[in-house]
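S.K.: I would like the atomic coordinates for the input below:
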Amino acid sequence: MNTRMFARVFGIIFLVVGIGGFIPGLTQPHDHPNLAVEAASGMELGLFPVNVLHNLVHIAFGIWGLIAARSMSAARGYAQVVAIAYAVLTILGLIPATNTTFGLVPIYGHDIWLHALLAGVAAYFGFVRHDTEVRSTPHLTA
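M.R.: Okay, here's the model as predicted:
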């Protein structure tokens, strides 16, 4: 898998997860502690705390991933931002005072290990892997 494919796959996954957070059968109602934004609040797949803002962030990252997949440099930049953002979210999720992102988005529980995993994969594609854009040229035949 190259970095452009990473951006495409992450984009699709983020879109599916973001939309899934609004589907009642996939998200069980749940009252998150210290959460100011309670719209669409619940536990996606019974495991991951979400609310309307959380779902919208996933959808935004999904759309961005699909757009970024169009070029290698955009995909690499996307991977770098995902790596840094999700590493920060992992740390914030570990701290009780910030595990609801200051009352806006729940990022505790199973979100912590998931965010750490996402950050690690994105860091590989954003900072370690060095793909080159392969441009196809028409073959000339005599």
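
S.K.: what's the longest helix in the chain?
M.R.: helix 72-94 (DSSP state H).

S.K.: which residues of the chain fall in strands?
M.R.: Shown for the chain, the strands assigned by DSSP state E span residues 27-29, 42-44, 48-50.

S.K.: now tabulate the ones you listed in TSV and tack on distance to residue 78 and mean neighbour count.
M.R.: Glycine gets a C-beta too; all of them are placed from N, C-alpha and C. Converted to TSV, the strands of the chain look like this (distance: least, Cβ to Cβ, whole Å; neighbours: other Cβ atoms under 10 Å):
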stretch	distance to residue 78	mean neighbour count
strand 27-29	26	14
strand 42-44	23	22
strand 48-50	22	25
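
S.K.: need the ones you listed in TSV with distance to residue 85, can you?
M.R.: Shown next, in TSV, are the strands of the chain (distance: least, Cβ to Cβ, whole Å):
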stretch	distance to residue 85
strand 27-29	22
strand 42-44	19
strand 48-50	17
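
S.K.: least confident of those, on average?
M.R.: Mean pLDDT across these is lowest at strand 27-29; the value there is a mean of 93.

S.K.: quick one on the thing from earlier: show me what the longest helix of the chain is packed against.
M.R.: When contacts are defined as 3 or more Cβ pairs under 8 Å, 6 or more residues apart in numbering; DSSP states H and E, helix 72-94 packs onto helix 3-20, helix 52-68, helix 110-123.

S.K.: for it, what is the average pLDDT?
M.R.: Averaging pLDDT along helix 72-94 gives 98.
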